[in-house]
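S.K.: Requesting a structural model of the entry that follows:
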Amino acid sequence: MGVFNNLFGGKKEQEKEKKEEIPWIPLNDIAQLAEITSRSNSKTQVIFKHSTTCGISRMVLNMFTGNYGFTKEQIDLYFLDLHAHRAVSDETGYHFQVIHQSPQLIVVRNGTVVQHASHGAIAEVSLDRFI
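M.R.: Here you go, the predicted model:
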């Protein structure tokens, strides 16, 4: 059975381990937006807005997590479930002056959104430019 686990199950286990290593910070309170703005003066802050009911959002999230290679010392990475926290999602748009989209990646540096993208364009965002 070990050979089959390596051939068929190993990749899923490696993907699971990699996802567990991603230093997500749950974004579930409007007050966190002011903290994100403040912290962005010393470290890049990234918000990933995700729709749990959208297949495209799930696909983009999987792609993003599969390619994410930063530590919590380099970037603060926030995860916003927009269905569970609709008010936070709405306020995020107002606070950072970006139109709501899902999935959406918002990069904040020095109190300002320096880049945002949605859907497939998230794959083109080069976060290492903001470290």
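
S.K.: Nearest residue to Leu61 in space, please, no chain neighbours.
M.R.: Residue nearest to Leu61 in three dimensions, not counting chain neighbours: His50, with 5.5 Å by Cβ to Cβ, 6 or more residues apart in numbering. Quick note: C-beta positions are derived from backbone N, CA and C, even for glycine.

S.K.: Could you count how many residues lie near Leu61?
M.R.: Neighbouring residues of Leu61 were enumerated by other Cβ atoms under 10 Å; the total is 19.

S.K.: That one and Leu105 touch, don't they?
M.R.: No: assessed by Cβ atoms under 8 Å, Leu61 is found out of contact with Leu105, at 10.2 Å.

S.K.: Which neighbours do those two have in common?
M.R.: Shared contacts of Leu61 and Leu105 (Cβ atoms under 8 Å, 6 or more residues apart in numbering): Phe48.

S.K.: low-confidence ranges in the protein?
M.R.: 1-20 (pLDDT under 70).

S.K.: in it, which spans are helices?
M.R.: Shown for the chain, the helices assigned by DSSP state H span residues 2-4, 10-21, 31-39, 55-67, 86-96.

S.K.: And the third one, what does it pack against?
M.R.: Applying 3 or more Cβ pairs under 8 Å, 6 or more residues apart in numbering; DSSP states H and E, one finds that helix 31-39 makes contact with strand 44-50, strand 75-81, helix 86-96.

S.K.: Let's have those in JSON lines, adding mean neighbour count.
M.R.: As requested, these are exported to JSON lines (neighbours: other Cβ atoms under 10 Å):
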{"stretch": "strand 44-50", "mean neighbour count": "24"}
{"stretch": "strand 75-81", "mean neighbour count": "21"}
{"stretch": "helix 86-96", "mean neighbour count": "16"}
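
S.K.: Save the ones you listed as JSON lines, and put in distance to Gly120 too.
M.R.: Converted to JSON lines, the helices and strands packed on helix 31-39 look like this (distance: least, Cβ to Cβ, whole Å):
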{"stretch": "strand 44-50", "distance to Gly120": "14"}
{"stretch": "strand 75-81", "distance to Gly120": "19"}
{"stretch": "helix 86-96", "distance to Gly120": "20"}
